[in-house]
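# generate a structure from the sequence data that follows.
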Amino acid sequence: MAKTSYALALGSNRRSRYGSPAATLRAALEALSELGEVEAASRIRATAAVGPAGRSFANAAAVLTTKLGPAELLAAVKQIERSFGRRPGRRWGARVLDLDILLWSGGAWAEGALTIPHPGMRRRLFVLDPLAEIAPDWRDPLSHASIRHLRHRLARPRAVDRAIDRGGARS
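Below is the predicted model of the structure:
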């Protein structure tokens, strides 16, 4: 297979043998480099937890170029998660390492447990912020919007939010 590129999200909110969640993400980037070339990596940022995870997360994004197809890459990133100490658990719970395939240069993909683009990507600033830092012009193959545009659309204040900020009531 020819080389293709993937956008990946990285997250951690538990210490690992590599140290803090941020140190865990740095080590995960090294592990990803064994699968191909990490073309770009965002800065690591602290973000609030979503759901019952409790502690804040360290989040980042990376662009990986590899010869692996989508299903092969999914198996490889799941193996990396396990090698870092990730165990199956409750959805949205605390985790040592979470690696998600967001986009693929081949467009959309759906097979088994993998759907590209990642179904939740468009609703998560903790994913779009770091991805916009390194791949702002990459386009969502379903909406055709750039990552920059998706991030802007999600981050902009809505009319209801502006009314509340001015002291207006929400009906």
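# name the spans of this protein whose pLDDT lies under the cut-off.
Scanning the chain for pLDDT under 70 picks out 1, 50-54, 88-94, 158-171.
# tell me where it has helices.
Ranges of helices in the chain, per DSSP state H, are 21-33, 70-83, 125-134, 147-155, 159-165.
# so which of those comes closest to L102?
For the helices of the chain, the distance to L102 is smallest for helix 125-134, at 6.6 Å, taking CB to CB. Backbone N, C-alpha and C define where each C-beta goes, glycine included.
# hmm, who's touching the closest one?
For helix 125-134, contacts defined as CB atoms under 8 Å, 6 or more residues apart in numbering pick out 7, 9, 11, 40-43, 45, 47, 50, 57, 59-63, 100, 102, 118, 120-122, 138, 147-148, 150-151, 154-155.
# please pick the buried ones from those.
Applying 16 or more other CB atoms under 10 Å to the contacts of helix 125-134, the neighbour count classes 7, 9, 11, 41-42, 45, 47, 57, 59-63, 100, 102, 118, 121-122, 138, 147-148, 150-151 as buried.
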